[in-house]
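J.: curious how this folds, go ahead:
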Amino acid sequence: MQTIEAFVELPELEDLSLQGNGIISILGIEVKFPNLTVLDLSHNKIFSVENVDILSQLPNLAELYLNENPICVHRHLKDLVKQAVPFIEVVNREQLVEAGHKYREEILKLKQEIMSSKVGTLAGDRILEEADADPLLNLPDD
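T.: Predicted structure coming up:
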């Protein structure tokens, strides 16, 4: 197996390990598995930067493992991955940002929108209270 073309589409799949399958291309992964959050492609034959560009079409991707692939010799691999997937949290077992970083940013943006609209709703107020009370979010005070 050198590509993922033979796989059936599993749009709800979130965690996929394709370690050691001789894969050289992940072209089409965004169609087969659009909701991936964890993708392990370790011990394959991926060498082309085009494979990193494809990852930009996986908006939920948080963890990527490319260990033991020829592409790992690229000294800017981590930067290329971060460019393609801005909210990536882990690349090759290295934690880049705290877990949930993407959602923290979205909550902050939502909080700013709610606060600037000066229109309070019960649901909006409840969301803000829950976000402020969550110690893992560490939202700044107004």
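J.: could you list every residue that touches Ile54?
T.: Listed by C-beta atoms under 8 Å, 6 or more residues apart in numbering, the contact set of Ile54 reads Ile26, Leu27, Ile29, Glu30, Ala84. Placement of C-beta: from N, CA and C, glycine included.
J.: return the member of those residues nearest to Pro59.
T.: Nearest to Pro59 among these is Glu30, at 9.3 Å by C-beta to C-beta.
J.: ok but that closest one is inside a helix, no?
T.: Yes - Glu30: assigned to a helix according to DSSP: H, G, I helix; E, B strand; the rest coil.
J.: tell me the secondary structure at Leu39.
T.: From three-state DSSP, the assignment for Leu39 is strand.
J.: strands of the protein, residue ranges please.
T.: 15-17, 38-40, 63-65, 90-91, 94-95 (DSSP state E).
J.: could you pull out the helices in the chain for me?
T.: Using DSSP state H, the helices found in the chain span residues 29-32, 50-54, 77-84, 101-117, 122-133.
J.: return the mean pLDDT over the shortest one, rounded to an integer.
T.: What that stands for is helix 29-32. Helix 29-32 shows a mean pLDDT of 96.
J.: domain map for the chain?
T.: What automatic domain parsing lists as the domains of the chain is 15-95, 101-133.
J.: point out the most buried one among those.
T.: Greatest average neighbour count among the domains of the chain goes to domain 15-95 (a mean of 17), per mean count of other C-beta atoms under 10 Å.
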